[in-house]
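**Student:** Prediction below, plus the sequence it came from.
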Amino acid sequence: MKIINEVLAELFSMFWADARMTTEVLALVALVAVLINFTSINSLWLGGLLLLGSLAIVLEAAYRETRKRARN
């Protein structure tokens with residue numbers, strides 16, 4: 001049980017550490033879900049949007065962290 005608590009605590013701290021990135025990912029997933037359910041766009045295109053959006057979010061977070069570390 002102790003290991004489960006440690007894993008859950010680590011997962012929570014991982015998501016809490018970069019709340020902005022977590023929010024951006026959730027917004028992207030919600031946008032793609034809405035587009036899948038309410039438009040007739042091919043799901044392959046929406047999968048590509050999800051992939052490119054995720055990559056953009058990761059690159060932006062890395063760039064932001066690099067700038068923050070360079071200032072310090």
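**Tutor:** All right, it came through fine. Numbers count the residues shown, from 1 in each chain.

**Student:** dump the residue contacts of Leu51.
**Tutor:** With contact set as CB atoms under 8 Å, 6 or more residues apart in numbering, Leu51 has no partners. From N, CA and C alone the C-beta is placed, and that goes for glycine too.

**Student:** and it, how far is that from Phe15?
**Tutor:** Here Leu51 is placed at a distance of 21 Å from Phe15 (CB to CB, to the nearest Å).

**Student:** Just want the most central residue of the chain.
**Tutor:** Geometric centre of the chain, nearest residue: Val25, 2.9 Å, by CA atoms, centre = their mean.

**Student:** and the helix or strand containing Arg64, which residues are buried?
**Tutor:** Arg64 belongs to helix 43-71 when assigned by DSSP states H and E. For helix 43-71, burial by neighbour count (16 or more other CB atoms under 10 Å) applies to Leu46, Leu50, Gly53, Ile57, Ala61.

**Student:** Dump the helix or strand bottoming out on mean pLDDT in the chain to CSV, restricted to CA.
**Tutor:** The helix or strand of the chain with the lowest confidence, counting by mean pLDDT, DSSP states H and E, is helix 2-17 at a mean of 81. Written as CSV, here are the backbone C-alpha positions of helix 2-17 (Å, rounded to 0.1, in the frame of the first residue of the first chain):
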residue,chain,number,x,y,z
LYS,A,2,2.9,2.3,0.7
ILE,A,3,4.2,1.9,-2.8
ILE,A,4,0.8,2.8,-4.3
ASN,A,5,0.7,6.0,-2.1
GLU,A,6,4.2,6.9,-3.2
VAL,A,7,3.4,6.4,-6.9
LEU,A,8,0.2,8.5,-6.6
ALA,A,9,2.0,11.2,-4.8
GLU,A,10,4.7,11.3,-7.5
LEU,A,11,2.1,11.5,-10.2
PHE,A,12,0.3,14.3,-8.5
SER,A,13,3.4,16.3,-8.0
MET,A,14,4.4,15.7,-11.6
PHE,A,15,1.2,17.2,-12.8
TRP,A,16,1.1,20.0,-10.2
ALA,A,17,4.7,21.0,-11.0
